[in-house]
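J.: Please find the sequence and the predicted model below.
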Amino acid sequence: MRDSDFVRRVIGILTEAKELRSRLEEDPDREDLSAQNMRVLLNELVPDLALPAELTPAQLSEALSEQLGPVFERIAGVFSLLFLALADVHDAGRTDVSSADVLQDLALRADELWPEDEDE
């Protein structure tokens with residue numbers, strides 16, 4: 001997956017989390033909320049795994065770490081990058097732009113910000 005597409009999915013997760021929070025603030029007793037959309041976006045970031053059936057528990061743990069470690073590092077990196085972008089706007093005292101505006105701008109400019117990324 002291209003870096004820019006990866007970033008857009010993480011932005012989607014953050015946007016969905018903000019929407020869920022807004023709905024809960026409107027009605028804290030709601031019971032019809034689901035994080036399904038966030039799970040779908042997160043699942044799109046995680047690769048299919050290839051694990052032989054005969055692995056011991058230790059080997060299974062190692063294989064999972066080898067296959068999932070890089071994607072979790074990438075997820076943490078993108079969340080960190082987005083947090084820093086939001087923090088920069090906040091720390092600059094900008095009141096003319098919302099967090100949603102910042103995330104939308106980053107999503108729209110993702111191809112420009114990561115021009116050299118390649119499909120994986």
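T.: Yes, it's here.
J.: Against which helices or strands is whichever helix in the chain runs longest packed?
T.: The single longest helix within the chain, with elements called by DSSP state H, is helix 57-91. In terms of contacts (3 or more CB pairs under 8 Å, 6 or more residues apart in numbering; DSSP states H and E), helix 57-91 is packed against helix 3-26, helix 36-45, helix 99-108. (Each C-beta comes from the backbone N, C-alpha and C, glycine too.)
J.: What residues sit buried inside that helix?
T.: 74-75, 78, 82, 85, 89 (16 or more other CB atoms under 10 Å).
J.: quick check: mean pLDDT across that helix?
T.: On average, the pLDDT along helix 57-91 is 94.
J.: just the angle between that helix and helix 3-26, please?
T.: Interaxial angle of helix 57-91 relative to helix 3-26 (axes from the mean of the first three to the mean of the last three CA atoms, to 10 degrees): 70 degrees.
J.: could you give the angle of helix 57-91 to helix 99-108?
T.: Using the same axes, to 10 degrees: helix 57-91 against helix 99-108 is 120 degrees.
J.: re the thing from before, would you turn the helices and strands packed on helix 57-91 into CSV with mean pLDDT, mean neighbour count and distance to P57?
T.: Below are these laid out as CSV (pLDDT from 0 to 100; neighbours: other CB atoms under 10 Å; distance: least, CB to CB, whole Å):
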stretch, mean pLDDT, mean neighbour count, distance to P57
helix 3-26, 91, 16, 31
helix 36-45, 90, 14, 24
helix 99-108, 93, 16, 40
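J.: Redo the ones you listed as CSV? Include distance to L51.
T.: Formatted as CSV, the helices and strands packed on helix 57-91 follow (distance: least, CB to CB, whole Å):
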stretch, distance to L51
helix 3-26, 23
helix 36-45, 17
helix 99-108, 33
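J.: Identify the residues contacting stretch 81-97?
T.: 7, 10-11, 14, 99, 102-103, 106 (CB atoms under 8 Å, 6 or more residues apart in numbering).
J.: For that stretch, C-alpha coordinates in PDB please.
T.: Presented in PDB, the C-alpha positions along stretch 81-97 are these (Å, rounded to 0.1, in the frame of the first residue of the first chain):
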ATOM      1  CA  LEU A  81       3.200  12.300  12.400                       C
ATOM      2  CA  LEU A  82      -0.500  13.200  12.400                       C
ATOM      3  CA  PHE A  83      -0.300  14.000  16.200                       C
ATOM      4  CA  LEU A  84       2.600  16.300  15.600                       C
ATOM      5  CA  ALA A  85       0.800  18.100  12.700                       C
ATOM      6  CA  LEU A  86      -2.200  18.700  15.000                       C
ATOM      7  CA  ALA A  87       0.100  19.700  17.900                       C
ATOM      8  CA  ASP A  88       1.900  22.200  15.700                       C
ATOM      9  CA  VAL A  89      -1.400  24.000  14.800                       C
ATOM     10  CA  HIS A  90      -2.500  23.900  18.400                       C
ATOM     11  CA  ASP A  91       0.800  25.200  19.800                       C
ATOM     12  CA  ALA A  92       0.800  28.000  17.200                       C
ATOM     13  CA  GLY A  93      -2.400  29.200  18.700                       C
ATOM     14  CA  ARG A  94      -4.300  28.800  15.400                       C
ATOM     15  CA  THR A  95      -8.000  29.300  16.000                       C
ATOM     16  CA  ASP A  96      -8.900  29.700  12.400                       C
ATOM     17  CA  VAL A  97      -8.500  26.100  11.600                       C
END
